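>>> pasting a predicted model and its sequence here:
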Amino acid sequence: MCGRHVQIPLSNIALVLCSTCASASDLTGQVKAIQKLEQEGNLAQAIIETSKLIDSLKQSDPASLLIPEALDRRASLEQDVGKWAEAEHDYTEAITLWKAATAPRPLSLATEFNNLASLYSSNGQFKKAEDLRRRSLALRLEFSGSIDPILGINRTDAAVREGCVLLESSMRQGIGSAQFGQNLIEEFCARLLERGGIPALVKPFKAELKNAFRYIRNDYMHNVRSLELNESKALLTRIARLYAIVTTEFEG
C-alpha cells in the first residue's frame, strides 16, 4: 500500500481503448510508444508522449475515465524525474476527476490517494502522506459494504472470503459467464483479448488472477483460517486491485 501503483493505468487504457473511440488504434499506438520509452529509460520523452495521449483522450471523449488514468501515469513519470509540483498537480487533477465520475470508482480513487501519498513521502510531507494512505486503505476495504463489518468483529478470514466472492462474482457478471474458478479466468481473459487487449498486458494480469484464485480464493473458500488483521488487509488489498481492473474493463 505504501508504494506507487504504476501498472494499472496504462494497462487499463490499452485494454479498453478499442471499445471507447473511433481513433482507438492511434491511441493504442501512443500507449505502446510510451511503454517503450519507459523501458528504454527515456522518461522525459515519455512525459511528452503521455501529454499527447492525454490531449487525444480529451479531444475524443472529455468525460472518459481513461483521462485520470493517463494523468496518473504522467504524474508517476514526473515524480520519477523530480518534477514534484507537476506530479502533485496531475495526481490532484486525477483525484478530482475520480470524485466527479458519474459512476463511482472508489478503488481507482484509493489508488490515486496512495500515489499522491507516495509523492508526499518522497519530499518529506509525512503527515499529508499518512492521511492519504488512511483514506486509501479505508476506500479499499469499503469496496464492499459487507467487508468492514466482518473485520469489525475480527472475522478476518471471512472478510477475505467475502472479497474473493465479490471478485469472482464481478468477473462472472461482467462477461455473463456461468463458469467458476480457473475456467472463469480463461474465459474472462479471452474476452479481454477479443475486446482489443494487448496480449503482453493481459498475460501478467491473467497470471495474477490465477495466483489469487489458487492461493487465496481456493484456500479461504474451503477452510477456516486464523490470521492477523494486517494479514487480512494485505490480502484484501491484493484482491481489491484485481477487482478494480475487472470492474473497469466490463463496467455497465
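Received the coordinates, thanks. Numbers count the residues shown, from 1 in each chain.
>>> what about residue 62, which helix or strand?
According to DSSP states H and E, residue 62 maps onto no helix or strand at all.
>>> stretch 189-197 - what's its average pLDDT?
Averaging pLDDT along stretch 189-197 gives 86.
>>> buried set for that stretch?
189, 191, 192, 195, 196, 197 (16 or more other CB atoms under 10 Å). (Each C-beta comes from the backbone N, C-alpha and C, glycine too.)
>>> okay, now the residue lying closest to residue 84 once chain neighbours are set aside: neighbour count?
What sits nearest to residue 84 in space, not counting adjacent residues and going by CB to CB, 6 or more residues apart in numbering, is residue 123, at 5.6 Å. Using other CB atoms under 10 Å, residue 123 is surrounded by 14 other residues.
>>> distance of residue 123 from residue 96?
Distance from residue 123 to residue 96, counting by CB to CB, to the nearest Å: 21 Å.
>>> please apply the same query to residue 132.
Residue 132 is 14 Å from residue 96, by CB to CB.
>>> neighbour count winner among the two?
Of the pair residue 132 and residue 96, residue 132 is the one with more neighbours under other CB under 10 Å, namely 24 against 12.
>>> isn't that one up against residue 110?
No. Counting by CB atoms under 8 Å, residue 132 sits too far from residue 110 to count as a contact (9.8 Å).
>>> need the overlap of contacts for the two.
Any residue near both residue 132 and residue 110 by CB atoms under 8 Å, 6 or more residues apart in numbering counts here, and not one turns up.
>>> out of the buried residues of stretch 189-197, flag the one nearest to residue 216.
residue 189 (17.9 Å; CB to CB).
>>> just the element for the closest one, please.
helix 181-194.
>>> list the contacts of that helix.
With CB under 8 Å, 6+ apart, helix 181-194 has contacts from 15, 168, 171-172, 174-175, 177, 179, 197, 199, 202, 205-206, 209-210, 213, 217-218, 246, 249-250.
>>> hmm, try it at 10 Å
The contact list for helix 181-194 (CB atoms under 10 Å, 6 or more residues apart in numbering) reads 15-16, 18, 168, 170-172, 174-179, 197-199, 201-203, 205-210, 212-214, 217-218, 221, 245-246, 249-250.
>>> among those, name the ones in helices.
Those of the contacts of helix 181-194 mapping onto helices are 15-16, 168, 170-172, 174-175, 199, 201-203, 205-210, 212, 218, 221, 245-246, 249, per DSSP state H.
>>> hang on, residue 69 packs against residue 108?
Yes. Between residue 69 and residue 108 a contact is recorded at 7.6 Å, counting by CB atoms under 10 Å.
>>> the helices in the chain, which residues?
Using DSSP H, helices in the chain cover 8-16, 24-40, 43-60, 66-80, 84-100, 106-122, 126-141, 147-152, 156-175, 181-194, 199-212, 218-222, 229-249.
>>> lowest-confidence stretch among these?
Among these, helix 8-16 scores lowest, with a mean of 44.
>>> okay, now the spatially closest residue to residue 67 that is not a sequence neighbour: neighbour count?
By the measure of CB to CB, 6+ apart, the closest residue to residue 67 outside its immediate chain neighbours is residue 57, 5.0 Å from it. Residue 57: 25 surrounding residues under other CB under 10 Å.
>>> equivalent analysis for residue 214, please.
Counted with other CB under 10 Å, residue 214 comes out at 13.
>>> contacts only, for it.
Counting by CB under 10 Å, 6+ apart, residue 214 has contacts 181, 182, 185.
>>> and those, which are buried?
residue 185.
>>> deepest-packed of the helices of the chain, please.
Neighbour counts (mean count of other CB atoms under 10 Å) averaged over each of the helices of the chain peak at helix 66-80, with a mean of 25.
>>> check which helices and strands that helix sits against.
helix 8-16, helix 24-40, helix 43-60, helix 84-100, helix 106-122 (3 or more CB pairs under 10 Å, 6 or more residues apart in numbering; DSSP states H and E).
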